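S.K.: Build me a structure from this.
(one chain, ligands or ions: 1)
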Amino acid sequence: MLFVQLRYQFRVYPTPGQQMELARTFGCARVVFNDGLRARQEAREAGLPYVSDGELSKRVITEAKKTAARAWLGEVSAVVLQQALADLNTAYRNFFASVTGKRKGRKVAPPRFRSRKDNRQSIRFTRNSRFKVLDNGRLRLPKVGDLAVRWSRTLPSDPSSVAIIRDAAGRYFASFVVTVDAHETLPPVDAEVGIDLGLTHFAVLSDGTKVAAPKFLRRAARKLKRLQQDLSRKQKDSNRRKTAVVKVARAHARVADTRRDWQHKLSTQIIRENQAVYVEDLCVVGLGRTRLAKSVHDAGWASFTGMLEYKAARYGRTFGRVDRFFPSTRMCSACGRINEKMPLNVRSWDCPCGAAHDRDVNAARNVRAAGLADLNARGAHVRPALVPAARREAGTHPDAACSTRSVEGISVL
Ligand SMILES: [Zn+2]
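M.R.: You can find the predicted model right below:
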């Protein structure tokens, strides 16, 4: 059996009373997180050893509850407090692994204090907190109450945890983690596809399909930009500014939602129609600092390739990333010859071998060929079974606890 963990997110509508309870719980989780961080920082400054996970839990939860200053921690679910500390511990582990080079990729920053002003507030209930989806469709959270949920899909099995999130636009979400059997797969197909993520098109497939970002999305992005400019002209600390901040947050959330829906449809279709999908492993972080930054972030490739990856795992398809240093654009997909570098405005070219190429389709064909070659070199199916779910929700994933702030609202655009 092959299992994958998936995340299912739904909008929830807490009553004003439940919103107050949630606010209190967000606050307690934040205090425990910050107390834990402070305790470790102070130990370090005093030259004392690293405070172990168990010792920290005793100090900032169990013992703290007995003091007058922290007695109110007893008013919320204890599991939520433990999970806040678990986030802190994971953030520390990721940081240490990054410093020592055990963790590849982008450098991970040390954990930072959480603030009530953070754009995104989040708490997590695990199974032993006894959260429950009731027969009437409500979500029962200990010490909060029964929340109304808008179920847009059915959960395939019992969730192992649920995170409650409040975003910058003041909306609430429940994000469930569900384990499913990956072998509830789609029927096998013969097609294998390479994808070139371009700047003129959102994506170009090796079969010649070109996908442009839809107009409504571009229009919404333009409107958002205008609202952001309005905001920058408002006076600091004025009421007008506060109103404008909320407007920007709402528009931002709308653009992100629309784009996610569109990307979901596109990635599902590609996974459905192909047995194997290969993409170029673009270093989006690196590109983001160049003049291409704007278009790269707007295009949202990272979230899109993330969707392809977890859907491939979910449905038994093959997914592969191809080394980004490989010259996909200037290599002829017909003869393999590597030609001169081409400026961005060259959209089609002819190879001395006689082949006429569309720039992006040729690149996509090369990505496909490189993906297949990689796969053959490794002999069998490539991808490991456990895939974190959609990238945008990494903030609630213990493995990415330290990136909570940067995930929602920024990278999704
Ligand atoms: Zn050629």
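S.K.: Longest helix in the chain, by number of residues?
M.R.: When the chain is scanned for its longest helix (criterion: DSSP state H), the result is helix 239-273.
S.K.: can you confirm Asp146 is in a strand?
M.R.: Yes. Under DSSP: H, G, I helix; E, B strand; the rest coil, Asp146 sits within a strand.
S.K.: Surely Arg120 and Ile164 touch.
M.R.: No. Applying Cβ atoms under 8 Å, one finds Arg120 not in contact with Ile164, separated by 11.2 Å. C-beta: built from backbone N, CA, C; applies to glycine.
S.K.: what does this protein have sitting close to the ion?
M.R.: When proximity is defined by Cβ under 5 Å from the ion, the chain lies next to the ion at Cys332, Ala334, Cys335, Arg337, Cys351, Cys353, Ala355.
S.K.: if I pick the closest residue to the third one other than its chain neighbours, what's in contact with it?
M.R.: It refers to Cys335. Nearest non-adjacent residue to Cys335, counting by Cβ to Cβ, 6 or more residues apart in numbering: Cys353, 4.0 Å away. Applying Cβ atoms under 8 Å, 6 or more residues apart in numbering to Cys353 gives the contacts Cys332, Ala334, Cys335, Arg337.
S.K.: Could I get the full set of strands for the stretch 201-350 of the chain?
M.R.: Here the stretch 201-350 of the chain has its strands, by DSSP state E, counting those that start in this stretch, at 203-205, 210-211, 276-280, 318-322, 348-350.
S.K.: Make a markdown table out of those and add mean pLDDT.
M.R.: Putting these into a markdown table (pLDDT from 0 to 100) gives the following:
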| stretch | mean pLDDT |
| --- | --- |
| strand 203-205 | 91 |
| strand 210-211 | 90 |
| strand 276-280 | 91 |
| strand 318-322 | 88 |
| strand 348-350 | 93 |
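S.K.: Mean neighbour count added to those strands, as TSV?
M.R.: TSV is the format used below for the strands of the stretch 201-350 of the chain (neighbours: other Cβ atoms under 10 Å):
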stretch	mean neighbour count
strand 203-205	25
strand 210-211	16
strand 276-280	25
strand 318-322	21
strand 348-350	13
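S.K.: of all those, which lies closest to Cys28?
M.R.: strand 318-322 (40.0 Å; Cβ to Cβ).
S.K.: strands paired with that closest one, and their directions?
M.R.: Using DSSP bridges, strand 318-322 pairs in its sheet with strand 276-280 (parallel).
S.K.: Any chance you could list what contacts the strand it pairs with?
M.R.: 192-197, 270-271, 305, 308, 312, 317-322, 324, 326, 328, 363, 367-368, 370-372, 375.
S.K.: Wait, Asp181 touches Phe3, no?
M.R.: Yes. With contacts counted by Cβ under 8 Å, Asp181 reaches Phe3, the gap being 6.2 Å.
S.K.: circling back: can you pick the most crowded of the contacts of Cys353?
M.R.: Cys332 (20 neighbours; other Cβ atoms under 10 Å).
S.K.: can you list the domain ranges for the protein.
M.R.: 3-182, 192-384 (automatic domain parsing).
S.K.: before we move on, the earlier item: Provide the angle between the direction of the longest helix of the chain and the direction of strand 318-322.
M.R.: If you take axes from the mean of the first three to the mean of the last three Cα atoms, to 10 degrees, helix 239-273 sits at 120 degrees to strand 318-322.
S.K.: can you pull out the helices in the stretch 301-413 of the chain?
M.R.: 301-315, 359-378, 404-406 (DSSP state H, counting those that start in this stretch).
S.K.: which one of the domains of the chain has the lowest average pLDDT?
M.R.: Lowest mean pLDDT within these: domain 192-384, a mean of 81.
S.K.: now the helices for the stretch 1-150 of the chain?
M.R.: 16-45, 53-57, 64-65, 78-99.
S.K.: which one of those is the most hemmed in?
M.R.: A comparison of the helices of the stretch 1-150 of the chain by mean neighbour count, using mean count of other Cβ atoms under 10 Å, puts helix 78-99 on top with a mean of 20.
S.K.: Run a quick neighbour tally on Lys102.
M.R.: With other Cβ under 10 Å as criterion, Lys102 counts 10.
S.K.: Which residues are in contact with the closest residue to Pro327 other than its chain neighbours?
M.R.: Excluding the flanking residues, the one nearest Pro327 by Cβ to Cβ, 6+ apart is Ile338, at 5.7 Å. Ile338 sits next to Pro327, Arg330, Met331, Cys332 when contact means Cβ under 8 Å, 6+ apart.
S.K.: For Ile338, list each beta-bridge partner.
M.R.: Taking DSSP bridges as the rule, Ile338 bridges to Met331.
S.K.: Of the contacts of Ile338, keep whichever come out buried.
M.R.: Arg330, Met331, Cys332 (16 or more other Cβ atoms under 10 Å).
S.K.: TSV for those residues, including distance to Leu186?
M.R.: Shown next, in TSV, are those (distance: Cβ to Cβ, whole Å):
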residue	distance to Leu186
Arg330	35
Met331	32
Cys332	33
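S.K.: so how far is Val255 from the closest residue to Val79 other than its chain neighbours?
M.R.: Nearest residue to Val79 in three dimensions, chain neighbours excluded: Ser129, at 3.5 Å (Cβ to Cβ, 6+ apart). When distance is defined by Cβ to Cβ, to the nearest Å, Ser129 is 34 Å away from Val255.
S.K.: For these two, work out which one has more neighbours and name it.
M.R.: More crowded of Ser129 and Val255, by other Cβ under 10 Å: Val255, with 24 against 19.
S.K.: Am I right that the more buried one is in contact with Ala221?
M.R.: Yes. Look at Val255 against Ala221 with Cβ under 8 Å: they come within range, at 5.8 Å.
S.K.: Next, count neighbours for the residue in the stretch 151-300 of the chain that the ion sits nearest to.
M.R.: Across the stretch 151-300 of the chain, the shortest distance to the ion (Cβ to the ion) belongs to Ser206, at 16.0 Å. Each residue near Ser206 was counted by other Cβ under 10 Å, and the total is 25.
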